[in-house]
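Student: Need a 3D model of the sequence below.
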Amino acid sequence: MNVTTLPKTVLTKSRINSRVEQTVPSGIRAFFDLVIGKEDVISLGVGEPDFATPWHICEAGIHSLETGRTSYSSNNGLLELREEIAAFLYKTTGASYDPVKNIIVTVGGSEGIDLAFRTLLNPNEEAIIVEPSFVSYAPLTFLAGGIPVHLPTYAENGFAPTIEDLEKAVTPLTRAIIVNYPNNPTGTILSDQQMDEIAEFVIRHDLILISDEIYVPLTYENDGKSFASHEEIRDRLILLHGFSKAWAMTGWRLGIAAGPSDIIEGMGKIHQYNVMCPPTVAQYAAIEALRHGDEEVQNMRREYDRRRRFITHHFNRMGLDCFEPFGAFYAFPSIKITGMSSQEFAEKLLDEENVAVVPGNVFGECGEGFVRCSYATSLDEIREAVKRIENFVKHHKKA
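Tutor: Sure, this is the predicted structure:
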């Protein structure tokens, strides 16, 4: 029978998994579809270093190609790389991680987040998402079969969760809590006392803490702090890290997950069926990054610090109250003096002044009234963007 003569089947239900159907696309990506085709746009939106990957790191990747080291690695990553990661974590946190039992190399930090939720959550168990937060946390919780519990934070509390709010959010179904400090999008870091309180909360309620620490090397005015330095919580901590931000290796797609052996083993099961192993070429580049990349990280951090102080000063000067970011490479100014929603502000700013920022509400409802501005772009472009934003605010400021 010719296929053209086959009877047409009427679908009575969607072919798409219901959780996938209910998941909305990334608010960041949806907004930046609007940028495509526009000229003379200054983007303060993309969370990506404007620095190229340091050349000696690239050379290590190229050398692996030249010498034919292009086959699969161990599922959890090259042992040589995991040994370097263990040494890095010991140097920066004081925590000892076994490179075989406690570390897995993931395809970017994003895979680590996905693996953590899928390994931990049974159907309809809850994960507390401290917001504003990276846009993938809640959707990945939901796609893993769990229920995201949104915990808002506010500028008056330094965008850090209070212990009172944490206690209100926990229920008998709570399985995990995910935090990200230094924070995307606010740039907030936690004090020692705040970290102690969160650690005690996690222990008291028998939870797992997922700590996304990819921006820790980009902490200003003091050294970045890790939850791994809290010995009492290490047996219930999944530490997520990666090479994208501090080493300017976004396209190399390498992340780090470290934690208790039983959890890492579970994450490894999903990882081996899902992606097999991370890119081998990128792993050799990452070995070089950890061995000899400290100077470039410090140089990039100093430059981000210059930009951070400049953009924060000018936002506050023009009346866009801006919490001082002490980490990452984002500022999160309030745009409430315009009376616009975050989405309206971002769309009109792009339309009228050709400056792209990200609406704050895509990072959680408590981000409404703010926009995220990345200063991972040149100081010259930031200066021009500030001029355009100030002109926009003058024309739209509420009387």
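Student: If you count neighbours, what's buried in stretch 122-140?
Tutor: By 16 or more other Cβ atoms under 10 Å, the buried positions in stretch 122-140 come out as 125-140. Bear in mind the C-beta positions are built from the backbone N, C-alpha and C, glycine included.
Student: Then stretch 149-169?
Tutor: 149, 151, 152, 153, 155, 158, 159, 160, 161, 165, 166, 169.
Student: Check the separation of the first and last residues in it.
Tutor: Stretch 149-169 stretches 7 Å from its first residue to its last (Cα to Cα, to the nearest Å).
Student: If you tally nearby residues, what's the number for residue 19?
Tutor: If you count neighbours by other Cβ atoms under 10 Å, residue 19 ends up with 12.
Student: quick revisit: among the buried residues of stretch 122-140, which ones are in helices?
Tutor: Among those, the members falling in helices (DSSP state H) are 137, 138, 139, 140.
Student: Which residue, other than its chain neighbours, is closest to the first one?
Tutor: In this case it means residue 137. Spatial nearest neighbour of residue 137, chain neighbours left out: residue 129 (4.9 Å); criterion: Cβ to Cβ, 6 or more residues apart in numbering.
Student: just the third one next, same as before
Tutor: The shortest distance from residue 139 to any residue other than its chain neighbours is 5.1 Å, reached at residue 23 (Cβ to Cβ, 6+ apart).
Student: which of the buried residues of stretch 149-169 lies closest to residue 314?
Tutor: residue 155 (18.0 Å; Cβ to Cβ).
Student: check contacts around the closest one.
Tutor: Residues near residue 155 by Cβ atoms under 8 Å, 6 or more residues apart in numbering: 321, 323, 334.
Student: try residue 17
Tutor: No contacts exist for residue 17 under Cβ under 8 Å, 6+ apart.
Student: where's residue 111, which helix or strand?
Tutor: Take DSSP states H and E as the rule and residue 111 turns out to sit in helix 108-120.
Student: who's in contact with that helix?
Tutor: Residues contacting helix 108-120 (Cβ under 8 Å, 6+ apart): 104, 106, 127, 134, 136-137, 140-141, 143-144, 146, 175-176, 178, 208, 210, 212, 214, 238, 240-242, 244, 253-257, 263, 266-267, 270-271, 274-275.
Student: For the chain, just list every one of the strands.
Tutor: 42-43, 103-106, 126-131, 147-152, 174-180, 208-212, 237-242, 255-258, 330-331, 355-356, 358-359, 371-374 (DSSP state E).
Student: what packs against the third one?
Tutor: Right, the one you point to is strand 126-131. In this structure, strand 126-131 packs against helix 137-143, strand 147-152, strand 174-180, with contacts taken as 3 or more Cβ pairs under 8 Å, 6 or more residues apart in numbering; DSSP states H and E.
Student: and those as a markdown table, adding distance to residue 79?
Tutor: Shown next, in a markdown table, are the helices and strands packed on strand 126-131 (distance: least, Cβ to Cβ, whole Å):
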| stretch | distance to residue 79 |
| --- | --- |
| helix 137-143 | 28 |
| strand 147-152 | 35 |
| strand 174-180 | 28 |
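Student: Nearest to residue 248, out of those?
Tutor: Of all the helices and strands packed on strand 126-131, strand 174-180 sits nearest to residue 248, with 19.4 Å by Cβ to Cβ.
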